[in-house]
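Novice: Pasted the sequence and its predicted model underneath.
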Amino acid sequence: MDPIKIKGTRKTPDVSFDAGNGKIEIEGRSIPENSIEFYKPLVDWLDEYAKDPNANTSVDIKLEYFNTSSSKCILDVFKKLESIFKNDQSVIINWYYEEDDEDMLEAGEDYQSILKIPFKMIEMEE
């Protein structure tokens, strides 16, 4: 499976999905003009990945800000990962937030409460 690498812009996050090492990373700001269009290839990739996932999938989310439409798309990404987890695969989501960013911490906790998948909240120093 080919990895996905997307260089971030002012409105879109850096994305790195690598099936070979089971590493998924989304970092930066997510306020694209069309969130569904931006996230669709990622969700499609996860559909393929789910057919033969790595024994351990590690997901690093380091978003400094995302808009409402992105939040739904991020949930779609997490739901694909949740289905992999439910098939007895190891999946962990590392949710990074800056130490004073209550909103990002709460967003991570909200996702954690919706999904049945291991979440690790990781506070970063600014």
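Specialist: Received, thanks.
Novice: In contact with residue 10: list those residues for me.
Specialist: Counting by C-beta atoms under 8 Å, 6 or more residues apart in numbering, residue 10 makes contact with residue 29. Glycine gets a C-beta too; all of them are placed from N, C-alpha and C.
Novice: Would you agree it falls within a helix?
Specialist: No. Secondary structure of residue 10 (DSSP: H, G, I helix; E, B strand; the rest coil): coil, not part of a helix.
Novice: I'd like the numbering to begin with 880 instead of 1 from here.
Specialist: Okay, residue one is now 880; in that scheme the one you just asked about reads as residue 889.
Novice: any idea how far it lies from residue 980?
Specialist: 19 Å (C-beta to C-beta, to the nearest Å).
Novice: what do you get for residue 893?
Specialist: Plainly put, residue 893 is 18 Å away from residue 980 if you go by C-beta to C-beta.
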